[in-house]
Each structure stands twice: as structure tokens, then as C-alpha cells.
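1. my questions concern the predicted model and sequence given below.
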Amino acid sequence: MGIVVIVLFILIFMFLLTNSRPAFEAFGRGFVFGREWIPSEEVFSVLAFAFGTIVSSLLALMFALPISVGSAIFLTELCPSFLRRPLRFLIEMLAAIPSVVYGLWGIFVLAPFVRATIQPGLAAAFPYFGLFEGPPYGVGLFTAGLILAIMIIPTITSISTEVFDSIPNLYREGAKALGATEWETIKTAVLGPGMSGVVAASILGLGRAVGETMAVTMVIGNRADISPSLFSPSATMASVIANEYAEANSDLHISSLLGVGLCLLILSVAINSISRIIIWRVRRKTI
Amino acid sequence: MASAKKDYLNSASIQRMAKIRKIKSVFMTFLIGVLTGVAVLPLFLVFIFVIRNGLPAMNIEFFTSLPAPVGQPGGGMANALVGSLIMVAIAGLIAVPVGVLVGVLLSEYREDKFPSVVRFVVDLLISVPSIVIGLFAYALVVVPMKSFSGWAGISALSIIMFPPIVKATEEVLRLVPNSVREAGLALGLSRWRVSIYVVLKGSRSAVTTGVILALARVAGETAPLLFTAFGNRFWPTSLSQPMPSLPVQIYTYAISPFSDWHRQAWAGAFLLLMVVFIINVLARVLLTRGSGGSRT
């Protein structure tokens, strides 16, 4: 049975590699680094989707990180014990909600809110910034980042909680004995030693955001374009596959989409491996 | 130097510093509390909107009839419900035995070299985006069969489902004390019999919980079904035909421009969310009861 698992993974990788070869042969390095994706003219390249994937995921991480680390600190250090289990359950429920439900909510609740409130507000507050300009669509990188943030909060929170829990109480007692306030204790005895664990948790969250498909597809606007504004419609590697695969009929188009899939696979496996190595090191150090 | 130090130590400035530190501490703990509230807020927002928009759209017709054409009121998602149930059930039949057995391998033979390689690959598989698994299932089943089909959807779902089952099983079995294994071995059972009949059987309720959570997770999977099972508007009659499913139906309705369909999408989302929520609550209750029992 174990062999089946290994063979399966190799098969997935080999299949993507062999089937995307026509695209790499047709466009060479330009397939990865070109900016154009025009199915009607048979011009394909990945960069615009890589841009959308990375920017939306980094936005998500930016939103989710303070919230997740704050929740993890609250859960381990400040929370009264009767609240701990229900709170943990509520945060884990965020991970259980199907992506398509987030997408539906994103289309009908979040996107209009971004269009009517958040974008005009930010554009008015920072008028010469460029990041917040453009017509208010409501769908775009920013909205995708918000939805992704909600979806990765449970990942980052649960790993950070685990890391903070494994920090010996001796540290906290030491800090308190030296006269540290509550916050100083948290800063020096919890956040300090737990930092590498938090980093690993964030990278793992980033990995989840990179592979997330449905919710993003529904709110990102789906335009293969690199634009400086955070509110412009964009597309991610996962969303272009979801959008075009069922309708692609030219061989080169299919092969290019598989090439996008290959890049996505490599990116998410790389991100996840890095965070697992860090987590593994942290665990070994604490044991 | 000495006078500066003395100055620093004078009691008024110490007291002022202490006050500032205390205020800062109170402010930061307050901020942490607020951040925690912000973390839970989206859950309530999603629930409120799904219930408010989905509940009024629910009726008997939703559960019993086929989708209505655009412009006609009524219609339901019965075919998608049946399709989802069939695909998740068959995917479970394939993935559960594989997942549980690999989990047993990883926990019971953990010191061997081969299982650690398998563990590494299972971790890699968990990190593969589900849409990529969909691409793989497309090549594996759709291309040779020359048609979108239930089988293609099932193969995608089962590949997605089994790594979490492996992890859950492994984690649960690791909690079984070694004395249990030793007792079995002392009675003359072979090692694999101990693994299956003693260790696995003893923790079956916890393993079941992991399996049920994995089922709940794939029940909401959409991306890999878009181009494997594809979906259709009729009753699922054959596994070799395109097959409707609840998540894909929600997606198609959500991105359509028709408000009738939007209502149906909300109703579908309401149903999906309730199923997932109830399963999660039940699993949690089962798990705490199970572990409470084994600890005493």
C-alpha cells in the first residue's frame, strides 16, 4: 500500500511534466516569463498568473498573520479555560467551510462591500499612491486576498498555538519573576522563542493560499493582466485552470494549462516542504 | 555616569515607567483580544448570510426536483444531491481502506525506513492543490474514456481524500500505549495481527471520526470536479456519464446572471454548510467522548 502512495505521487508529477512539454517546446523560456495569455491567438505564458497567485497570497498572509498570531497568543496565554475549547472549535470551523461557499459569500457580500466601502475609503485616504486606484469592480486581488486570509487563519492559528503551547512554563515564570508585565512576558518568553514556529506556520498558510481555487476564482475577476493596483481584476494559476480547462480544445491550450498546473504543483510543494523542514527543526529543538 | 544612573533610578521616573509599561501591557492584551474577535468574525458573517439567503429558498422542491430552466420558477438540486452522495460514497469506499492501512503502516512500523519515505510522500500529497489532482484525474480517466464521467470525479475525490485519512489514523494509533501491543505480542499474535486486530480495533471510534471529517471535507470539493465529473442537469444514471454534484451546481448558479439561480445557489450553500457543520460538531463530540473513555 505504501508503494501505491509513492507511485501515485510520481505519476502525478510525470504526467504533468510530459503533457506540458509541447507548451514548453513552443514557447521556451517565454512560457514561464512571458506576460501574454491570449487563447484566441494561441499565445500562452505563466507570468501573469504567477503574479496574481503570489500577490493575492502575500496579501492574504499580511491580513491573516497578525490576526492568527493574536488568536494563538490569546488561546495559549490569556484565554479563560472554559472558553478555550469552543474558541478553538470556532476557528477550526473556518477551515471546514467549503471553498465554494466562501466564493458565493465573496461574490454577493464581500465584493460589493469592497466596491462600495473599502476601495473608495483607501483611495481617498492615500490619493497619490497608485495601489488603490482604478475603477471599482469589487472583484480583484484585494478581495481575493481577504477571502484567502479568512481561509488560512485556522492553519496559522493552530500551528502557532501548538508552538506556543510547547514553550516551557519556566520561561514565562522567569520573565514574571523579573517583573515583566503581561505583555512583556508574552513578547520575550512566548513570541521570542516561538518566532521560528510562527514563520513556519505562515509559510504553510502561504502554501494553502497558493493552491486555493474556487473562492479565488469567484472573486478575483479573472483577467490575465499585471497591473499595479490592488483592486484590479487578476487571475491566479489555479483560477485559470478552473476557468478554461473544460473549454480548452486546442492541444497547445490544454498543454499550456497543464504547464500552469506543473508550475503550481512545484510552487506549492516547494513552499510546503520549506515550512515542514522549519517545523521539524523547531520540534526537534523543543524535545 | 554614577549621577546619571542615580537620576534614572529616582523613584518618580521609575513609577512613571512602571505606569507606562502597565498601560502598554493592558493595551496590548486588549489588542490581542480584539484580534481574536476579528478571527472569529468571518465565521459568523458567513453563517448569517448563508442562513438569511439560503433558508427562505429551501423547500421540498429543492430536495425532490431537477433544476428548472432559466426563467421558470422553482426547481431544485435533487440530482446534484444524489450525484454528490454517490461520488463521495464510492470515493470513500476506495480511499478509506487505503488510507487506514497506510496509516497503520506509518504508526506501527514507524522505525523502519520505508514508512518514513511514505510519510514524506503523504505530506507532499497533502500539499498538492486539489485542482492539480483534478488535472491528473482528467488525464487518467476522462481522456481514455473520451467523456467527462462520474468515475473521473470519483478518482479525483479519492486521491484527495486518502492523505488526510492516513494522517488522522497515524496520529490516533500513536496514542495507543505500547503495553497494549506488547500484550498482544505476548499472547503469540503476529505483528500485523496485533496492528489490525488489537491496535486498530481498539481505536476504531477515533479512526472513524477522522474518516468522517475527511468525507465532510471532500463533500465540498469543487475545483477537481469541474472538468472530471463536469455536472449535468439530469438524474445521474451511469457512472460513465457526466455527473452532477452539489458544489459544482452551487458554483455554476453563483456565477450565472440569474437571480432565480442565485437563490438556488444560496439554498445549496446552506445545505452544504449545515451538513459540514453538523458533521464537525458530531465528530468533536464523538472524539472527546472516545478519548475521555480511553484515558480512564
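-> It's in. Numbering: from 1, shown residues only, chains lettered A, B, ... in the order given.

2. most proximal residue of the stretch 151-296 of chain B with respect to chain A?
-> B:G220 (2.6 Å; C-beta to the nearest C-beta). Glycine gets a C-beta too; all of them are placed from N, C-alpha and C.

3. is it true that that residue touches A:S99?
-> Yes: if you go by C-beta atoms under 8 Å, B:G220 and A:S99 touch, sitting 6.8 Å apart.

4. could you list the low-pLDDT ranges of chain A?
-> Along chain A, segments meeting pLDDT under 70 span A:285-287.

5. quick one, longest helix in the chain?
-> Went with chain A since none was named. The residue-count maximum for a helix in chain A (DSSP state H) belongs to helix A:251-286.

6. I was after chain B.
-> Per DSSP H, chain B has its longest helix at helix B:11-54.

7. that one near chain A anywhere?
-> Yes: using C-beta under 8 Å from any C-beta of the partner chain, helix B:11-54 reaches chain A at B:21-22, B:24-29, B:31-36, B:38-40, B:42-43, B:45-46, B:49-50, B:53.

8. middle-most residue in the chain, spatially?
-> Reading this off chain A. Residue closest to the average C-alpha location in chain A (C-alpha atoms, centre = their mean): A:A209, at 2.0 Å.

9. think we crossed wires, I meant chain B
-> B:R217 (3.0 Å).

10. residue contacts, that residue?
-> Going by C-beta atoms under 8 Å, 6 or more residues apart in numbering or on different chains, B:R217 touches A:A96, B:M161, B:P164.

11. make a markdown table out of the residues you listed and add neighbour count, secondary structure and distance to A:G28.
-> Shown next, in a markdown table, are the contacts of B:R217 (neighbours: other C-beta atoms under 10 Å in any protein chain shown; DSSP: H, G, I helix; E, B strand; the rest coil; distance: C-beta to C-beta, whole Å):
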| residue | neighbour count | secondary structure | distance to A:G28 |
| --- | --- | --- | --- |
| A:A96 | 19 | helix | 43 |
| B:M161 | 24 | helix | 38 |
| B:P164 | 20 | helix | 39 |
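
12. a markdown table for these, including distance to B:E108?
-> Below are those laid out as a markdown table (distance: C-beta to C-beta, whole Å):
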| residue | distance to B:E108 |
| --- | --- |
| A:A96 | 29 |
| B:M161 | 22 |
| B:P164 | 19 |
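
13. for those residues, which one is nearest B:W235?
-> Closest to B:W235 out of the contacts of B:R217 is B:M161 (24.7 Å), distances taken as C-beta to C-beta.

14. next one: the closest one from B:I90, what distance?
-> Distance, B:M161 to B:I90, using C-beta to C-beta, to the nearest Å: 11 Å.

15. now A:V219
-> For A:V219, the distance to B:I90 - C-beta to C-beta - is 32 Å.

16. measure stretch B:239-250 end to end?
-> For stretch B:239-250, the first and last residues are 21 Å from each other (C-alpha to C-alpha, to the nearest Å).

17. quick one: distance of it to the chain centre.
-> Distance, stretch centre to chain centre, for stretch B:239-250: 19 Å (C-alpha atoms, centre = their mean, to the nearest Å).

18. avg pLDDT for that stretch?
-> Across stretch B:239-250, pLDDT averages out at 90.

19. and stretch A:271-284, what's buried?
-> A:I271, A:N272, A:S273, A:I274, A:S275, A:R276, A:I278, A:I279, A:V282 (16 or more other C-beta atoms under 10 Å in any protein chain shown).

20. so what's the closest residue in space to the fifth one that isn't next to it in sequence up against?
-> For A:S275, ignoring the flanking residues on the chain, the nearest one in space by C-beta to C-beta, 6 or more residues apart in numbering or on different chains is A:I203 at 3.7 Å. With contacts defined as C-beta under 8 Å, 6+ apart, the neighbours of A:I203 are A:I271, A:N272, A:I274, A:S275, A:I278.

21. same for the strand or helix carrying B:L273, what does it pack against?
-> Element membership of B:L273 [criterion: DSSP states H and E] is helix B:259-295. Judged by 3 or more C-beta pairs under 8 Å, 6 or more residues apart in numbering or on different chains; DSSP states H and E, the packing partners of helix B:259-295 are helix A:81-96, helix A:99-105, helix B:11-54, helix B:60-64, helix B:204-219, helix B:246-254.

22. make CSV out of those and add distance to A:S20.
-> Listed next are these as CSV, based on distance: least, C-beta to C-beta, whole Å:
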stretch, distance to A:S20
helix A:81-96, 31
helix A:99-105, 25
helix B:11-54, 36
helix B:60-64, 41
helix B:204-219, 26
helix B:246-254, 25
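
23. which of those is buried the deepest?
-> Comparing the helices and strands packed on helix B:259-295 by mean neighbour count (mean count of other C-beta atoms under 10 Å in any protein chain shown), helix A:99-105 comes out on top with a mean of 28.
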